[in-house]
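**Q** Sharing a model prediction with you, sequence too.
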Amino acid sequence: MNGHDNFSAEAEARRDVPSRRPGPGETARQDTLLRYLGAAATAARHADAEPRVATAPPDAARPAPSSAPRAAPSASPAASPTEPGPRLVRDVMDVPAASLREDLPYRDIARSLAREHTSVLPVVDAEDRVIGVVSESDLLAKVAFEASGHRPGRIGRLRERRIHGKVHGDLAADLMTSPAITVLPGATVAEAAWLAALSRLKRMPVTDRDGRLVGMVRRDALLDSLIRDDAGIRTEVEERVAACCPPGDREDVVVTVHDGIVELTGRMPPASLDRLVAEVAEITDVVEVKNLITPA
């Protein structure tokens, strides 16, 4: 994740947004997206800043059957009793995960997608190892070809010719995209989010180190895990207030949060105030801290 250290969090991301007239709902959509990217970048920086502890596995892991990119879990020191570690893919993935056999006909694939209410399913071999994925786009290309008989020109685009080469197949093994991009259950949510964003995937298979399917993780689940609402941010800020302030001063501090902007009002000793503002500014999803507290 070191390659992304040059990404700043919320403030710099906002300055990079192209200036144009926003459409209906565009402002809210951009705000959500920017908070997502800021949270992912912040989580990645914090993970890189912590010392890594390498642990030797009990048995030598066999090589994964697929050469596609896959987010690996980050080794981290034991979590402190007061500060939980980053959330992992296993915390947000869907279990059990539906899958397709490689010899499944395309009409049955379409029924499986409809039954599971999803646009993509992993294809597994006889040992449940993920060998590819089949999406609605793969099926759409096949039925469109059958309906129109369209063929790419002699100098057709490479992507169109590749699609044309797949539409003659009838089984999952013929139609699937392979190798599949997968993620390990021990990878952090931030690492999986970067992989999903860079690969433009809505769903990713989760596999063990032998490539066997153990779950599926959705892009919206990663998003929800990285972005908390204002109530969740306020709860963590109030916990920081309780940790920084003597019992007699806590009741004089009022916390409000709106769109990730934290506003602190009330009275507090200067020494505790400086510590509190610094800690609140480091909370994930906090966009800005407005310190309106009067020193006691």
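**A** In hand now; what should we look at?
**Q** what's the distance between Thr177 and Glu288?
**A** 42 Å (Cβ to Cβ, to the nearest Å). Glycine gets a C-beta too; all of them are placed from N, C-alpha and C.
**Q** okay, those two: which has more neighbours?
**A** Per other Cβ atoms under 10 Å, whichever of Thr177 and Glu288 has more neighbours is Thr177, with 16 against 12.
**Q** shouldn't the more buried one be in contact with Val130?
**A** No: using Cβ atoms under 8 Å as the test, Thr177 is too far from Val130 to be in contact (11.5 Å).
**Q** Pull the number of nearby residues for the closest residue to Gly260 other than its chain neighbours.
**A** In space, and not counting its chain neighbours, Gly260 is closest to Val287: 3.7 Å by Cβ to Cβ, 6 or more residues apart in numbering. As a burial measure, Val287 scores 20 neighbours (other Cβ under 10 Å).
**Q** how near is Val287 to Val257?
**A** Distance from Val287 to Val257, by Cβ to Cβ: 10 Å.
**Q** Near the closest residue to Ala98 other than its chain neighbours, how many other residues are there?
**A** Spatial nearest neighbour of Ala98, chain neighbours left out: Glu116 (4.8 Å); criterion: Cβ to Cβ, 6+ apart. Glu116 is flanked by 14 other residues according to other Cβ under 10 Å.
**Q** Correct me if wrong: Glu116 contacts Leu100.
**A** No: here Glu116 does not reach Leu100: they are 10.0 Å apart, not a contact under Cβ under 8 Å.
**Q** Check the secondary structure at the closest residue to Met176 other than its chain neighbours for me.
**A** Leaving aside its sequence neighbours, Met176 sits nearest to Gly132 (Cβ to Cβ, 6+ apart; 3.4 Å). Under DSSP: H, G, I helix; E, B strand; the rest coil, Gly132 falls in the strand class.
**Q** what's the helix or strand for Glu238?
**A** According to DSSP states H and E, Glu238 maps onto helix 230-244.
**Q** Show me what that helix is packed up against.
**A** The helices and strands touching helix 230-244, judged by 3 or more Cβ pairs under 8 Å, 6 or more residues apart in numbering; DSSP states H and E, are strand 253-258, strand 261-268, helix 270-281.
**Q** Tell me which of the ones you listed lies nearest to Arg209.
**A** helix 270-281 (37.2 Å; Cβ to Cβ).
**Q** hmm, who's touching the closest one?
**A** The set of residues external to helix 270-281 that reach it, using Cβ atoms under 8 Å, 6 or more residues apart in numbering, is 237, 240-241, 244-246, 249, 253, 262, 264, 268, 286, 289, 291, 293, 295-296.
**Q** What is the neighbour count of Ile255?
**A** Not Ile; residue 255 is Val. Using other Cβ under 10 Å: Val255 sits among 18 other residues.
**Q** Tell me what it is bridged to.
**A** Bridge pairing for Val255 (DSSP bridges) gives the partners Leu264.
**Q** Against Met268, how distant is it?
**A** Distance of Val255 to Met268, given as Cβ to Cβ: 12 Å.
**Q** same question, Val262
**A** Separation of Val262 from Met268 (Cβ to Cβ): 14 Å.
**Q** shaky segments in the stretch 101-250 of the chain?
**A** Filtered on pLDDT under 70, the stretch 101-250 of the chain yields the residue ranges 148-167.
**Q** Give me the distance between the residue nearest to Ala98 and Leu140.
**A** Counting by Cβ to Cβ, the gap from Glu116 to Leu140 is 17 Å.
**Q** cool, Gly248 as well?
**A** The gap separating Gly248 from Leu140 is 66 Å, by Cβ to Cβ.
**Q** same deal with Gly132?
**A** From Gly132 to Leu140 the distance is 17 Å (Cβ to Cβ).
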